[in-house]
Every structure is written in C-alpha cells, then in structure tokens.
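K.L.:
sequence and computational prediction follow.
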Amino acid sequence: MTLKRTEVEKIAHLARLQVTADELDAVAGDLTNILDLVAQMESVDTEGVTPMAHPLHMAQRLREDEVTESDQRERFQAIAPATENGLYLVPKVID
C-alpha cells in the first residue's frame, strides 16, 4: 500500500504532527513500510495458535539469593542528623 502526499498530510494533521514539505516523502515511505509490515503479519495463518496473555508466559530463571553487601546501617545512622530505634527521623511534611 503506497500512501500519497495528501494522505500523509491528512494523517499528520489528525495526529497533530508538524511535517514539513521536505519530510513528506520520507514520512510517506516510512508509513508505507509500516502498513506493508502489518499486511504481511495479517497474512500469516494463526489457526491453532493459542493466544498468550504475556510474551513471557513461562518460568523465569532466577539468580541465587545471596548477600552481596555487608550491613552498614550503624555506620550510616551515625552520620544521620536524627535517628531513633534504628529509624531515620525527618521533619513532618503533611499537617
């Protein structure tokens, strides 16, 4: 499917895109390629193919759960302006 310049201008207007006259031919070519790809995908026989709810609908490999950093809470709380019972104290934001 080949798009004409007038069709590209109308699409650009509807999409609220500013396309200059110099860009019209390039945009028309890009849109034509996209529409050709969609037509190609529509021509594929998908009879018997079960739809997927998610492209990663399978078991994921997970990494081992292991500690990679040491506990430095005491060090960081020592330099904090205010702490209490292991928590950072901050000014009240909402009244």
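P.N.:
Thanks, I have the structure now.

K.L.:
hey, let's count contacts and neighbours off CA atoms from now on
P.N.:
OK.

K.L.:
and P51, that's in a helix?
P.N.:
No - counting by DSSP: H, G, I helix; E, B strand; the rest coil, P51 is located in no helix; its state is coil.

K.L.:
how many other residues sit next to it?
P.N.:
Neighbour count of P51, defined by other C-alpha atoms under 10 Å: 8.

K.L.:
which residues are in contact with S70?
P.N.:
By C-alpha atoms under 8 Å, 6 or more residues apart in numbering, the contact list for S70 is empty.

K.L.:
helix or strand right after the biggest helix by length in the chain?
P.N.:
The longest helix of the chain (DSSP state H) is helix 24-42. Proceeding N to C from helix 24-42, the next assigned helix or strand is helix 73-78, under DSSP states H and E.

K.L.:
could you look up the next helix or strand downstream of that next one?
P.N.:
As assigned by DSSP H and E, the chain's next helix or strand after helix 73-78 is strand 83-84.

K.L.:
strand partners (parallel or antiparallel) of that next one?
P.N.:
For strand 83-84, the paired strands and their directions (DSSP bridges) are strand 87-88 (antiparallel).

K.L.:
one step back: could you list the buried residues of the longest helix of the chain?
P.N.:
Buried residues in helix 24-42, counted by 16 or more other C-alpha atoms under 10 Å: L24, V27, A28, L31, T32.

K.L.:
correct me if wrong: the first one contacts V8.
P.N.:
Yep, that's L24 we're talking about. Yes - L24 lies in contact with V8 (C-alpha atoms under 8 Å); the separation is 6.9 Å.

K.L.:
now Q18: closest residue in space, sequence neighbours ignored.
P.N.:
Residue nearest to Q18 in three dimensions, not counting chain neighbours: A12, with 6.7 Å by C-alpha to C-alpha, 6 or more residues apart in numbering.

K.L.:
okay, now that neighbour: neighbour count?
P.N.:
15.

K.L.:
A21 versus that one, what's the distance?
P.N.:
12 Å (C-alpha to C-alpha, to the nearest Å).
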